[in-house]
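Peer 1: Generate coordinates for the sequence data below:
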Amino acid sequence: MYDFTEIFCIVDDFFKKFEPIYWQFLKQENKRQRIRQATLSLSEIVAISIY
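Peer 2: Below is the predicted model:
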């Protein structure tokens, strides 16, 4: 079984590649609304949810 640090590293690596593509898609589709900076990164939120 994975410990939290391993899960976070896997998720964080994924989101480092995924987020730029996702934001570019939203920008092209004009679906991007005002995005506020979260106190937790998306990868941190997902890692906590998985754990």
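Peer 1: Who are the packing partners of the helix or strand where residue 16 lies?
Peer 2: Assigned by DSSP states H and E, residue 16 belongs to helix 4-28. Secondary-structure packing of helix 4-28 (3 or more Cβ pairs under 8 Å, 6 or more residues apart in numbering; DSSP states H and E): helix 42-50. To be clear about C-beta, it is placed using only N, CA and C from the backbone, and glycine gets the same treatment.
Peer 1: Show me what the helix it packs on is packed up against.
Peer 2: Helix 42-50 packs on helix 4-28, going by 3+ Cβ pairs under 8 Å, 6+ apart.
Peer 1: Now the helix it packs on: buried residues?
Peer 2: Of the residues in helix 4-28, those with enough neighbours to count as buried (16 or more other Cβ atoms under 10 Å) are 7, 8, 11, 15.
Peer 1: any idea how far residue 47 is from residue 5?
Peer 2: Distance, residue 5 to residue 47, using Cβ to Cβ, to the nearest Å: 9 Å.
Peer 1: Oops, could you answer that again for residue 9 instead?
Peer 2: Distance of residue 9 to residue 47, given as Cβ to Cβ: 9 Å.
Peer 1: What of residue 28?
Peer 2: Distance from residue 28 to residue 47, by Cβ to Cβ: 28 Å.
Peer 1: Could you dump the buried residues of helix 4-28 into JSON lines with pLDDT and distance to residue 51 added?
Peer 2: Output for those, formatted as JSON lines (pLDDT from 0 to 100; distance: Cβ to Cβ, whole Å):
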{"residue": "7", "pLDDT": "88", "distance to residue 51": "6"}
{"residue": "8", "pLDDT": "91", "distance to residue 51": "8"}
{"residue": "11", "pLDDT": "91", "distance to residue 51": "10"}
{"residue": "15", "pLDDT": "91", "distance to residue 51": "15"}
